[in-house]
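Asks: kindly generate the corresponding structure for this input.
(chains A and B)
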Amino acid sequence: MSKEVFAIPNVPTPGMPVTFDPEICNGCNHCVEVCSIDVYIPHPQKGKPPIILHPEECWYCGCCATDCPRPGAIRFNWPLQARPYWKNKKTGEIHQL
Amino acid sequence: MTTWHEFLQEEGRPPAWPYPIRFGEERVIDTDVLVIGGGIAGCWAAIGAARQGLRVALVEKGDTVRSGSGGPGCDHWCNAPANPLSRVTPDGWARHMADRPYSNGIGIQIQCREDFDTLLEMEQMGGKIRDTENEYVGAEGRDDKTKFMISPRYGTIHSYLPDPRMGEPGFNPPETRNNVVIRVWGSTFKPALKKECRRLGVQIFDRVMGTSLLTEDGLQGGRVVGATGLDNRTGEFLVFQSRATILSTAGAGSLWLMSMELCGYSNMHSRAISGDGTVMAWRAGAALTKMESTGMIMIATGYKHKWYSGAGDASYENVPLVDARGRRLPYPIQGWEDAGAMLPTPGVEAEIRAKILKGEYELPFYGDFPAMAEVERRATWNLMLGEESTTRIMIDTFSAAGFDINRDLLQSYKFIEGQSLPQWRDAGYGGGVLVDWNLKTTLDGLYAAGTQMFAPEDHSYAAATGRYAGRKAAAYAREADPGKISRGQVEAEKARVYAPVKRSGGLEWKELHAGIARVMQYYVSEFKTESLFKMGLDALAKLETEAVPRLFALDPHKLMRTLEDLSMLEYAKIIIEASRARKASSVPLNFQRIDYPEQDPEEWNKFLTIRQRDGRVELGELPPDFWGDMKEQYEAHNRDYTGVHREK
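Replies: Numbering: from 1, shown residues only, chains lettered A, B, ... in the order given. Predicted coordinates:
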C-alpha cells in the first residue's frame, strides 16, 4: 500500500468503449483514422495500442473494431447500462452480455 | 495501458497532443467544385462532379472512409422503383411518396428516377448489392435470376404504419408486391466511395470542419465563392476558393438532449451532426424551410436501450415478437405478413399496454428468432442487421458472447425502458436548405444534397441527390468565373473561429451544449406558445452574450466541439424563429401550438421559408407543391442525363 495517491478528477464515463489486446494490436492506428469523432489518439510509443482520449464522445458505431486489420485486437466493451439480454427458448435460461 | 488516466498514472504526465499545432496558420485551396460534408451525399456529389472532368475538393469533419450516418453501413436501398423487379413506375412511386404533406417532391423525383442507376454504379465501384455467394437461396424476396434481395418494406404503401387492408384474406401476396426496396450489403459502400473519389482525383480534406461560406464581396445573399474550414487535429485554417459549392452535411442531432454519461450523446447520431451546414447556409443568406418541424427521439436516447430491440423500438424484418411466456404480440414486424409495417397503430399500442397491466402479457418481450424459417432468420440477422449502420458491431458482440439465433430469443426493451419524453426531440425531422430543380439553393454558386436539403429521406436519397447535385454544380462551375474572396470576411471568420483558443479558462463546450439543450427542452417542446418561444430566444441570447465570450478550448479537437456548439446555438434560434412564424398547428409537422390550436387549416398549408438579410430575419412562403409537375420538371432539367455511368 505504498503507492502514491494523486488528486485526479473523476474519470469520464462510460470510460472504456473498447479494450485492446496488446498481444494482437500492433499499433497500426487504423482505428484512429477510421473513427469519425477522434475517440482515439495514437500512442506516443510506436507499436502500442492507441490511447482512448475521448471515450464519452463515442457513439458506438463499431467501425474501429469492424475494420481492424488484426481481428481480436479491439474488443467492444459495452457500458454496463447498455448490455443486452437474451433467453434460451427451450430452457428459459436468461443471459446477459 | 489504453486510457488517458492510465497513461497519466504510468508516465506521470499527460500525453502530448499528437499532431502539429497550427492555430491561425492559413492554407488556400483553389478548386472548381467544393463539397462540404463527406457522408453518402457528399461522396456521391464529389464523384458526380469529378466525372465531369473538373477539380473537386471534398471536406469531411471525420474520415471519409466511415463518416456520416451511412458510414458504418446501410441495409435497405429504399424507393428504387426503376429496379427490374419493381411493380411500380418511378414517376408513379415518386408521386405517391410526394403525397405525404411537406415532403420534397424534387428530391423524391430524383431519387425515384436515378437511385437504381446509382446503385448499379455502387456495384461497379465494389459495393455488394446482390446475393452473389448464394447465401440466401430460398429466402422470400430473393430473385434467383438477378440475385437481388427484395425487402418487405413498402410492400403495398410507402409507410411504416400498417396498410389499413392488413389482416384481410390474401393480403400482400408475392405477385402484387411493390418490390421497391432492395436489401443491400451497405457496410461495403463507404470505403468503396472513398476509393472512387481518390481514383477520380478528388482532393479529400479529412478532419476538416467547414465553418463558413464565403460570398462575393462578403455580402449576405451574394454568390457563394468559397468556404472556410478548420483542421480539427492541427487547428490550421483553410480557405477554399470555388466556382461552385455543394453543402452535404447533416441536421443537428443532439439539440434537445445531451448526457454523455448515458452513452454517447444520448441519441442515435454522432456528435459530428451539429447543423454546421445549415448554419453556414443561413449565415450566408440562403433560404431554409420546414425548420419548425421537430419530433421526439424514438430510439437510442441513452435513457433508453441503445440496442435495436424489436417492434415499437425499431423492428427486425420478419421476427415475431412474443411476451415472456411465448405469446405472440400484435406488433407489426416489418415483414411479409404486414407488408413491411414497423409501427403499431396507437390502438394496438394502447391494447398491449392495457394487457400488460392486467397481467395478460408478461414482460419483457422477445424477438423469437428460432420460430423463423432458417434462411429468413439468417437473412434478418446477418444481412438486415449485420449490414445496417451501427448494428453490425452489435451482432458481432452478441455472437462472440454466445447468442445463437437458432436457439435464443432476443430481449426487447419496449415498455420496460419507458417512453421518450416530448422534451427529448430531434431537429432531424425535415428542416433544411431550400433547393430548386438543379438542387441549387437560393444563392448563386451554392447547391445542396442529401440531409442538407429540406424534407430529406434515406440513404439512397442521399446517394442519388448527391450524384445529381455533383452533376449540376459541375455544369454551373464550368461556365462560372472564379469568384473573388473578400479578405475582410475571411478575417472576421478567423477571429470568430480562434476566439476560444485565446482563453485558457472559462466555460467548456460540454456545459454550453447542455445549456442549449435545456433551453430547447423548456421552450421549444411539447408546449408551444408565442410567450415560451420569446423566453427561449431570450435564454439563447443570454447564452450568447454571457456564456459564448467565456468559451475556451485547449486543443483543436475541443475547438471543433466548441464551434459545433455555436452552430447549434444558431440552429436553435432558427428553429424558434421559424416556429414563431407558423401561427397554426400541424400534425404532419409535429407542431402543436397552444395559442393556435387549429390543426392544418387550409390557409397554412404551405412551406414557410426563412432567411437573413443584413442580419435581419426575413420570412416567406411557398405553395405545398411549389416544384410543379414532377415528371415534366425533371425531364425539362435533365435532357442530357445518360443513365448508369460508363467510363469512356
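
Asks: what number of residues are in the vicinity of residue B:9?
Replies: Using other Cβ atoms under 10 Å in any protein chain shown, residue B:9 has 14 neighbouring residues. In this view, the C-beta of every residue, glycine as well, is placed from N, C-alpha and C.

Asks: okay, residue B:301: pLDDT?
Replies: The model reports residue B:301 with a pLDDT of 65.

Asks: what number of residues lie near residue 77?
Replies: Defaulting to chain A. 17.

Asks: meant chain B actually
Replies: For residue B:77, using other Cβ under 10 Å, the count is 28.

Asks: tell me the contacts of residue B:182?
Replies: B:76, B:77, B:80, B:83, B:119, B:129, B:148, B:149, B:150, B:151 (Cβ atoms under 8 Å, 6 or more residues apart in numbering or on different chains).

Asks: run through the bridge partners of the residue nearest the centre of chain A.
Replies: Geometric centre of chain A, nearest residue: residue A:18, 0.8 Å, by Cα atoms, centre = their mean. Under DSSP bridges, the beta-bridge partners of residue A:18 are residue A:76.

Asks: ok, residue B:15 touching residue B:7?
Replies: Yes - contact status for residue B:15 versus residue B:7: in contact at 5.6 Å, counting by Cβ atoms under 8 Å.

Asks: what touches both of the two?
Replies: In contact with both residue B:15 and residue B:7: residue A:51, using Cβ under 8 Å, 6+ apart.

Asks: hmm, back to that, so who does the residue nearest to the centre of chain A touch?
Replies: So residue A:18 contacts A:52, A:64, A:65, A:74, A:75, A:76, A:77 (Cβ under 8 Å, 6+ apart).

Asks: please report the distance of the last one from chain B.
Replies: If I follow you right, that is residue A:77. 9 Å (Cβ to the nearest Cβ, to the nearest Å).

Asks: circling back: ok, the contacts of residue B:182 vs chain A, which is closest?
Replies: residue B:76 (17.9 Å; Cβ to the nearest Cβ).

Asks: what's the neighbour count on the closest residue to chain A within chain B?
Replies: Chain A sits closest to residue B:393 of chain B, with a gap of 2.3 Å, by Cβ to the nearest Cβ. Residues near residue B:393, counting by other Cβ under 10 Å, number 22.

Asks: now do residue A:25
Replies: 21.

Asks: what sits against the nearest residue to it once chain neighbours are set aside?
Replies: Leaving aside its sequence neighbours, residue A:25 sits nearest to residue A:73 (Cβ to Cβ, 6 or more residues apart in numbering or on different chains; 3.9 Å). If you count contacts by Cβ under 8 Å, 6+ apart, residue A:73 has them with A:20, A:21, A:24, A:25, A:26, A:49.

Asks: of those residues, buried ones?
Replies: Burial by neighbour count, judged by 16 or more other Cβ atoms under 10 Å in any protein chain shown, picks out A:20, A:25, A:49 from the contacts of residue A:73.

Asks: who are the packing partners of the helix or strand containing the residue of chain B closest to chain A?
Replies: Assessed by DSSP states H and E, residue B:393 sits inside helix B:391-400. In terms of contacts (3 or more Cβ pairs under 8 Å, 6 or more residues apart in numbering or on different chains; DSSP states H and E), helix B:391-400 is packed against helix A:63-66, strand A:74-76.

Asks: let me know the outermost residue of chain A.
Replies: Most distant from the centre of chain A: residue A:90, at 33.5 Å, with distances by Cα atoms, centre = their mean.

Asks: surely it meets residue B:406?
Replies: No - in this structure residue A:90 lies outside contact range of residue B:406 using Cβ under 8 Å: 10.9 Å.

Asks: which neighbours do those two share?
Replies: With Cβ under 8 Å, 6+ apart, residue A:90 and residue B:406 have no common neighbours.

Asks: for whatever residue of chain A ends up closest to chain B, which non-adjacent residue is spatially closest?
Replies: Residue of chain A nearest chain B, by Cβ to the nearest Cβ: residue A:62 (2.3 Å). Leaving aside its chain neighbours, residue A:62 sits nearest to residue B:393 (2.3 Å; criterion: Cβ to Cβ, 6+ apart).

Asks: ditto for residue B:421
Replies: residue B:296 is the one closest to residue B:421 (Cβ to Cβ, 6+ apart), at 7.6 Å.

Asks: residue A:27 and residue B:176, how far apart?
Replies: Going from residue A:27 to residue B:176 by Cβ to Cβ, to the nearest Å gives 57 Å.

Asks: the more surrounded of those two?
Replies: Using other Cβ under 10 Å, the more surrounded residue of residue A:27 and residue B:176 is residue A:27, with 17 against 12.

Asks: show the pLDDT at the spatially closest residue to that one that is not a sequence neighbour.
Replies: In space, and not counting its chain neighbours, residue A:27 is closest to residue A:47: 4.2 Å by Cβ to Cβ, 6+ apart. Looking at residue A:47, its pLDDT is 96.

Asks: do the same with residue B:392
Replies: pLDDT, read off for residue B:392, is 86.

Asks: sorry, back to before: shouldn't the residue nearest to residue A:62 be in contact with residue A:66?
Replies: Yes - if you go by Cβ under 8 Å, residue B:393 and residue A:66 touch, sitting 6.0 Å apart.

Asks: any residues in contact with both of those two?
Replies: residue B:72.

Asks: measure residue A:27 to residue A:20 for me?
Replies: In terms of Cβ to Cβ, residue A:27 sits 9 Å off from residue A:20.

Asks: between those two, what contacts are shared?
Replies: A:49, A:50.

Asks: so where is chain A shaky, pLDDT-wise?
Replies: Scanning chain A for pLDDT under 70 picks out the ranges A:1-2.

Asks: burial count for residue B:418?
Replies: 11.

Asks: do residue B:402 as well
Replies: The burial count for residue B:402: 11, using other Cβ under 10 Å.

Asks: thinking it is in contact with residue A:95, fair?
Replies: Yes - if you go by Cβ under 8 Å, residue B:402 and residue A:95 touch, sitting 7.1 Å apart.

Asks: pretty sure residue B:595 contacts residue B:532?
Replies: No - in this structure, residue B:595 is not within contact of residue B:532 by Cβ under 8 Å, at 9.4 Å.

Asks: which one of these two has more residues nearby?
Replies: Each of residue B:595 and residue B:532 has its neighbours counted (other Cβ under 10 Å); residue B:532 has more, 19 against 12.

Asks: end-to-end on stretch A:64-74?
Replies: Across stretch A:64-74, the terminal residues are separated by 8 Å (Cα to Cα, to the nearest Å).

Asks: chain center to the lengthiest helix in chain B, what's the gap?
Replies: Secondary structure of chain B read by DSSP state H shows that its longest helix is helix B:556-581. Chain-centre distance of helix B:556-581: 17 Å, with Cα atoms, centre = their mean, to the nearest Å.

Asks: likewise for stretch B:513-532?
Replies: That offset, for stretch B:513-532, works out to 23 Å (Cα atoms, centre = their mean).

Asks: kindly provide the whole-number mean pLDDT of that stretch.
Replies: Per-residue scores along stretch B:513-532 average to 96.

Asks: and that stretch, is it in reach of chain A?
Replies: No - residues of stretch B:513-532 contacting chain A under Cβ under 8 Å from any Cβ of the partner chain: none, with a closest distance of 11.3 Å.

Asks: what of stretch B:435-454?
Replies: No - in terms of Cβ under 8 Å from any Cβ, no part of stretch B:435-454 sits within range of chain A; the closest distance is 15.3 Å.

Asks: and the end-to-end length of that stretch?
Replies: Its first and final residues considered, stretch B:435-454 spans 8 Å by Cα to Cα.
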